[in-house]
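Peer 1: Give the three-dimensional model of this entry:
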Amino acid sequence: MFLKKKCDKVIIFLNLTVLFLSLNNLQAIITEYHLFDDIFLLKKLLIPWYLLIFPMFYAFTTHYLQVQDKVKDFLKPSLVIFIAEIALRLCFISYDYYTHAIHGNESSLMEDYTRIEDVFNLMYALFLFFNACLLIFRRHQLISFVLSFDDLSWIKWFIRLGAIVILIWVIALSLDIKLCFGVNEETCNEIPYLFLRLSSSILLYWIGYQGVYKYNVLRDRIVLRSTLENESELITSPNVHSGTSETDDFFNEKHENDFNTIKSHILKNKLYLDPLLSMEAVAAELGMSKSYFSKLINSYSDYNFSDFINSLRVAQAKRFLSDDTFSDYTIVAIGLECGFNSKSTFYSAFKKFTSETPTSYREQF
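Peer 2: This is a model prediction of the structure:
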């Protein structure tokens with residue numbers, strides 16, 4: 001919540017997801033250790049915090065994918081259900097309290113309602129989870145904008161692992177109903193829920209970290225790409241041969257002009273920003289054979305094609321890293337938007353061409 005850059009709805013919904021999980025776990029601990037057993041209302045009032053975990057995660061997903069205006073967020077219905085369940089619980093607690101005061105014992109009505117509520121909430125969670133799966137795995141045309149910045153592999157893994165956690169929830173609830181239906185609360189077996197709480201906690205705290213980190217990178221990349229698209233000044237290409245040599249007939253005016261055509265084409269169209277750029281594709285665009293194209297690059301730049309392109313990417317990255325406007329932007333986002341396909345390849349190439357890391361280079365400015 002205290003990021004340097006503005007905290008927006010994506011981060012808020014992500015924090016709320018973890019918050020409601022934390023409240024649910026805290027309540028489980030209080031119940032497990034019977035901390036409020038001497039207060040009838042607090043003993044019976046188990047607030048269904050877990051009901052809000054999935055709506056908040058779904059809202060985070062829609063805002064992260066930037067489709068919140070195209071799909072329903074289910075926040076209002078979720079809040080209505082949440083308030084209605086608390087109201088019902090208060091009614092049943094009142095009835096139990098009356099029964100306890102008049103007859104000296106408690107009815108099983110509250111326990112029966114709790115199991116019905118658990119089943120309903122599970123079905124509602126499955127419904128939201130299914131909608132999130134559709135967005136991530138099926139509706140690519142709806143999320144094409146974000147897919148150009150993030151392959152969403154991290155959130156796809158969360159969905160897969162989340163499916164396992166939901167399965168554990170189904171098993172735990174099934175065992176709970178089978179073991180506890182018609183049985184006194186004290187003898188009810190809570191063990192099936194212990195692993196569920198642990199696995200869901202690990203998963204959601206992991207998505208909390210990943211979500212904040214990935215979203216910062218995504219947000220930075222969107223701004224950086226817009227800057228690159230509007231940038232008119234071309235970067236400086238690496239040093240090249242003058243084009244004259246008495247010992248090599250390949251160095252002549254025609255070949256030098258062809259190399260300059262290649263260089264101009266790559267710089268003007270900023271082809272180096274494409275992480276999937278291939279020598280074959282550029283050669284085909286310019287109507288040159290692959291072997292001739294390769295020899296031009298090797299001869300006039302002293303680099304092979306891969307290093308030549310990486311040198312341009314590093315030059316572009318240096319421009320961002322030395323600009324105070326982008327001092328708060330993540331180095332990973334800069335590397336990815338400059339055409340590198342991972343943090344490791346960016347750091348490796350940057351050190352190769354500058355003999356220092358991106359971090360140490362930025363610190364100079």
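Peer 1: For the rest of this, base every contact and every neighbour count on C-alpha atoms.
Peer 2: Noted.
Peer 1: most residues in a single helix of this structure, which one?
Peer 2: Using DSSP state H to define each element, the chain has its longest helix at helix 191-230.
Peer 1: pLDDT on it, on average?
Peer 2: On average, the pLDDT along helix 191-230 is 86.
Peer 1: just checking, what packs against it?
Peer 2: helix 9-32, helix 153-180, helix 331-337 (3 or more CA pairs under 8 Å, 6 or more residues apart in numbering; DSSP states H and E).
Peer 1: Of those helices, which shows the lowest average pLDDT?
Peer 2: helix 153-180 (a mean of 84).
Peer 1: helices and strands around that one, which ones?
Peer 2: Under the contact rule (3+ CA pairs under 8 Å, 6+ apart), helix 153-180 is packed against helix 109-133, helix 191-230.
Peer 1: try 7 Å
Peer 2: Judged by 3 or more CA pairs under 7 Å, 6 or more residues apart in numbering; DSSP states H and E, the packing partners of helix 153-180 are helix 191-230.
Peer 1: any idea how far residue 203 is from the residue nearest the centre of the chain?
Peer 2: Computing the C-alpha centroid of the chain and ranking residues by CA atoms, centre = their mean puts residue 211 first, at 4.1 Å. Residue 211 sits 12 Å away from residue 203 when distances are taken as CA to CA, to the nearest Å.
Peer 1: cool, residue 92 as well?
Peer 2: Going from residue 92 to residue 203 by CA to CA gives 34 Å.
Peer 1: before we move on, back to that, ok, and the closest non-adjacent residue to the residue nearest to the centre of the chain?
Peer 2: Leaving aside its sequence neighbours, residue 211 sits nearest to residue 14 (CA to CA, 6 or more residues apart in numbering; 7.2 Å).
Peer 1: Please name the nearest non-neighbouring residue to residue 64.
Peer 2: Excluding the flanking residues, the one nearest residue 64 by CA to CA, 6+ apart is residue 10, at 5.9 Å.
Peer 1: returning to what we had before: now the helices and strands packed on helix 191-230 in TSV, with mean neighbour count?
Peer 2: Below are those laid out as TSV (neighbours: other CA atoms under 10 Å):
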stretch	mean neighbour count
helix 9-32	18
helix 153-180	16
helix 331-337	24
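Peer 1: can you redo these as TSV with distance to residue 77?
Peer 2: Output for the helices and strands packed on helix 191-230, formatted as TSV (distance: least, CA to CA, whole Å):
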stretch	distance to residue 77
helix 9-32	16
helix 153-180	21
helix 331-337	37
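Peer 1: For residue 217, find the nearest of the ones you listed.
Peer 2: Nearest to residue 217 among these is helix 331-337 (5.1 Å), distances taken as CA to CA.
Peer 1: so what secondary structure elements neighbour the closest one?
Peer 2: helix 191-230, helix 343-354.
Peer 1: Out of the helices and strands packed on helix 191-230, the one nearest residue 108 is which?
Peer 2: Comparing these by their distance to residue 108 (CA to CA), the top pick is helix 153-180, with 11.1 Å.
Peer 1: got the angle between that closest one and helix 109-133?
Peer 2: In terms of direction (axes from the mean of the first three to the mean of the last three CA atoms, to 10 degrees), helix 153-180 departs from helix 109-133 by 160 degrees.
Peer 1: got the angle between helix 153-180 and helix 191-230?
Peer 2: 160 degrees.
Peer 1: Please compute how far helix 153-180 lies from its chain's middle.
Peer 2: Offset of helix 153-180 from its chain centre (CA atoms, centre = their mean, to the nearest Å): 21 Å.
Peer 1: Between residue 92 and residue 203, which is the more surrounded one?
Peer 2: Taking other CA atoms under 10 Å, residue 92 and residue 203 do not tie; residue 92 has more neighbours (19 against 15).
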